[in-house]
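# with the sequence up front, the predicted model follows.
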Amino acid sequence: MNRIWNSIVGKLWATILLLVSFVLFIVTVLLLEFLDNFHTNQAEDFLRREATTIGKIVLEHEGDSSMHLIIKDMLDYETNAMIIDSEKKVHYSFHRGLNQDEIEQKILSEPKFFTNIHVNEKVVKEMILPSIEDENVMKQYLVLMYPYDEVDGSIHSIVMYQSLDAVHRTTKRTTHIVLLSAFIAFILTTFFAFFLSTKITSPLRGMKQAAFELSKGNFETRLPVMQNDEIGQLATAFNQMGKQLKYQIELMKQDKEQLASILTSMTDAVITFNRDYSILLSNPQAERLWQKWYFANDENDKVLPKEIFHMLEHAISFAVEVEDELEIGGQFYGVSISPLYSENSIRGAVAVLRDMTDQHKLDKLRSDFIANVSHELRTPISLLQGYSEAIIDDVMTSDEERNEMVQIIHDESMRMSRLVTDLLNLARMESGHMRLYKTNFHLIPFLDKVHNKFMQIARDSNVSLALDVNESDKEIILYADDDRLEQVFTNLIDNAIRHTPDGGKVTVGVERKGDIVEISVADTGSGIPEEDLPFIFERFYKADKARTRGKGGTGLGLAIAKNIIDSHEGRITAELGETSGTIFKCALPVGPELDEEEL
């Protein structure tokens, strides 16, 4: 029952029924009132006509025995009459039923009938009189008095009284007919109301179900268009709305995926904040940045560093864009925070954080490089300038001094040339422009050639140079650029000899470890301090005074060696010897085993 009243069918049915019932009630009341008045007026007219006729009969047939019969035949059972004179004396009485005397006495005692009597002027009144059918029962009667002139000039009156039961019976029959018509109208109204509401609500129920399907994301839902009226147009509009919703959702999905792809692919960290400084959105770079800050501060929650929080608070409070470069936990970040607007109000802010640590390191390396190059060039330039001025001023006392100065100028110019060449080679390597010419060659003969090249230099420096190779490693083959590798080992052996004191020893060793061959250059010199080992492959890096570069060095040899080994997908490291000196180890991948014909 509640379901019917809560539905459109029930509400529409109730509305129509109330409207029809109200209209029927008003029509019934008015109709019954009209019919009651109509039948009463009809009864009055009937009594007037009857009274006129009886008056004529009495005048024409007074004293005639047939007068009574004629008048009784004219009157029906419920209509009675009497003829009285001006003295209220009853001359004739035409009464059927009970209570004749009581009725006549009540009529004759009514003053309205005997006040201001005029001939041929009829007086009508409704009165409550005893019933002619039952004792001790009062009923409503319609009483008419009609005065007329007798032949002798006296005034007589005809009094007629009729029970209104006939009028009431007619009214009741009319009421029954009206009520039956109202009931039939009620049934028909109910039928047509349900029929009409079903025609309306059935499509609406379909639209309701389709709307629920749309809310679940099923945008393929369509409604059948069965009508051409407003409901059919509504179904058409609903179908178009579903298509448009699907199209808009697809666009939003594509925009969201595109935005997510852009945020994910960005190298900068992007974080969107709400107005209450809570985080709404962040990309993976920002998440990694959060993790770094959490581990550094031992925090479990996403707590902003106070420097960034102050910038965020300023941007949201004053609606301005804030940019700054901050140092947080030893790292440098470029931070830009801009407010986000929703119409005319600020709903949050977006922060972009760029890690500037590497750029700071590059700037430092650049400045250090310039300083180192300037330092390296200052000494030879000063010597060139000083000795050239000495030659120009002719301050030499002998040809031997002149030749010595010229030799110093030549040596320093050659040192500057080597420095510039090494710088160009290193720049070419680091920019990826170094080209390798790889071939297959035997490693041991290659190292033996390099070893023989430094034998005389080692003897002159009173240093023992040895090549330590196992018999099982003599067939090792490398696929590499032998010229570049010769440059590496030339540099390493030369450094080892120059930094090894008289009587010392330099050993070149080879050891195979699976697909890797490790070539080591060990000396018995003073060794590199352990704290300097991680930095010795940087350009112009100066270690302890005991390892300062001797004559002819440019300070770029180890940096060049590391670039060459890295380009061969190898690894070069430095470590302290067991007792003294330094051991440089180069690990290179072993080439494929080939036949002699392929070498």
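Done, it's in. Since we're looking at a predicted model, the values are computed, not measured. Residues are numbered from 1 along each chain as shown.
# and residue 467, what is it in contact with?
The contact partners of residue 467, by Cβ atoms under 8 Å, 6 or more residues apart in numbering, come to 447-448, 451, 507-508. Any C-beta I mention is one placed from the backbone N, CA and C, and that applies to glycine too.
# same check, this time on residue 113
107, 123, 125, 143, 145, 157, 159.
# now with 7 Å?
123, 145 (Cβ atoms under 7 Å, 6 or more residues apart in numbering).
# what's the answer for residue 317, then?
Residues touching residue 317, when contacts are defined by Cβ under 7 Å, 6+ apart, are absent altogether.
# low-confidence stretches in the stretch 451-599 of the chain?
Across the stretch 451-599 of the chain, the ranges flagged by pLDDT under 70 are 540-555, 592-599.
# what packs against the biggest helix by length in the chain?
Longest helix in the chain by number of residues (criterion: DSSP state H): helix 8-61. Using 3 or more Cβ pairs under 7 Å, 6 or more residues apart in numbering; DSSP states H and E as the contact criterion, the neighbours of helix 8-61 among helices and strands are helix 66-74, strand 138-149, strand 155-163, helix 165-215.
# next, format the ones you listed as JSON lines and append mean pLDDT.
Compiled in JSON lines, the helices and strands packed on helix 8-61 are given as follows (pLDDT from 0 to 100):
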{"stretch": "helix 66-74", "mean pLDDT": "75"}
{"stretch": "strand 138-149", "mean pLDDT": "83"}
{"stretch": "strand 155-163", "mean pLDDT": "82"}
{"stretch": "helix 165-215", "mean pLDDT": "77"}
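# need those in a markdown table with distance to residue 51 and mean neighbour count, can you?
Rendered in a markdown table, the data for these read as follows (distance: least, Cβ to Cβ, whole Å; neighbours: other Cβ atoms under 10 Å):
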| stretch | distance to residue 51 | mean neighbour count |
| --- | --- | --- |
| helix 66-74 | 11 | 13 |
| strand 138-149 | 4 | 19 |
| strand 155-163 | 5 | 22 |
| helix 165-215 | 17 | 14 |
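# ok, back up a step: biggest separation within the contacts of residue 467, which pair?
When the contacts of residue 467 are compared pair by pair using Cβ to Cβ, the two farthest from each other are 448 and 507, 14.0 Å apart.
# those two - which one has more neighbours?
Regarding residue 448 and residue 507, a neighbour count based on other Cβ atoms under 10 Å identifies residue 507 as having more, with 17 against 14.
# look up how far residue 34 lies from that one.
For residue 507, the distance to residue 34 under the criterion Cβ to Cβ, to the nearest Å works out to 139 Å.
# so where is the stretch 301-450 of the chain shaky, pLDDT-wise?
For the stretch 301-450 of the chain, residues meeting the criterion pLDDT under 70 lie at 301-303, 365, 368-369, 371-377, 379, 396-397, 415, 418-419, 422-423, 425-434.
# show me where it has its strands.
In the stretch 301-450 of the chain, the segments counted as strands under DSSP state E, counting those that start in this stretch are 322-328, 331-342, 345-355, 439-442.
# got the ones you listed as a markdown table, with mean neighbour count columns?
Below are the strands of the stretch 301-450 of the chain laid out as a markdown table (neighbours: other Cβ atoms under 10 Å):
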| stretch | mean neighbour count |
| --- | --- |
| strand 322-328 | 14 |
| strand 331-342 | 17 |
| strand 345-355 | 17 |
| strand 439-442 | 15 |
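# now that we have the ones you listed, can you turn them into JSON lines and tack on distance to residue 471?
As requested, those are arranged in JSON lines below (distance: least, Cβ to Cβ, whole Å):
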{"stretch": "strand 322-328", "distance to residue 471": "58"}
{"stretch": "strand 331-342", "distance to residue 471": "53"}
{"stretch": "strand 345-355", "distance to residue 471": "53"}
{"stretch": "strand 439-442", "distance to residue 471": "14"}
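# out of the ones you listed, which is closest to residue 463?
strand 439-442 (26.5 Å).
# tell me the strands beside that closest one, with direction?
Strand 439-442 has the following sheet partners, assigned by DSSP bridges: strand 477-480 (antiparallel).
# which residues sit against the partner strand?
Outside strand 477-480, the residues that touch it by Cβ under 7 Å, 6+ apart are 438, 440-443, 568, 588, 590-591, 593-594.
# neighbours of residue 356, how many?
When neighbours are counted by other Cβ under 10 Å, residue 356 registers 18.
# just the one 4 residues further on next, same as before
Neighbour count of residue 360, defined by other Cβ under 10 Å: 14.
# from residue 210, how far off is residue 204?
Computed with Cβ to Cβ, the distance linking residue 204 and residue 210 is 10 Å.
# show me where the stretch 451-599 of the chain has its strands.
464-468, 477-480, 505-513, 516-523, 571-576, 582-589.
# could you export those strands as CSV, including distance to residue 189?
What follows is those, written out as CSV (distance: least, Cβ to Cβ, whole Å):
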stretch, distance to residue 189
strand 464-468, 117
strand 477-480, 102
strand 505-513, 103
strand 516-523, 100
strand 571-576, 98
strand 582-589, 98
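# who are the contact partners of residue 340?
Residue 340 is in contact with 346-350, counting by Cβ under 7 Å, 6+ apart.
# the residue lying closest to residue 391 once chain neighbours are set aside and residue 378, how far apart?
Beyond its immediate neighbours in the sequence, the residue positioned closest to residue 391 (Cβ to Cβ, 6 or more residues apart in numbering) is residue 405, lying 5.9 Å away. Distance of residue 405 to residue 378, computed by Cβ to Cβ: 19 Å.
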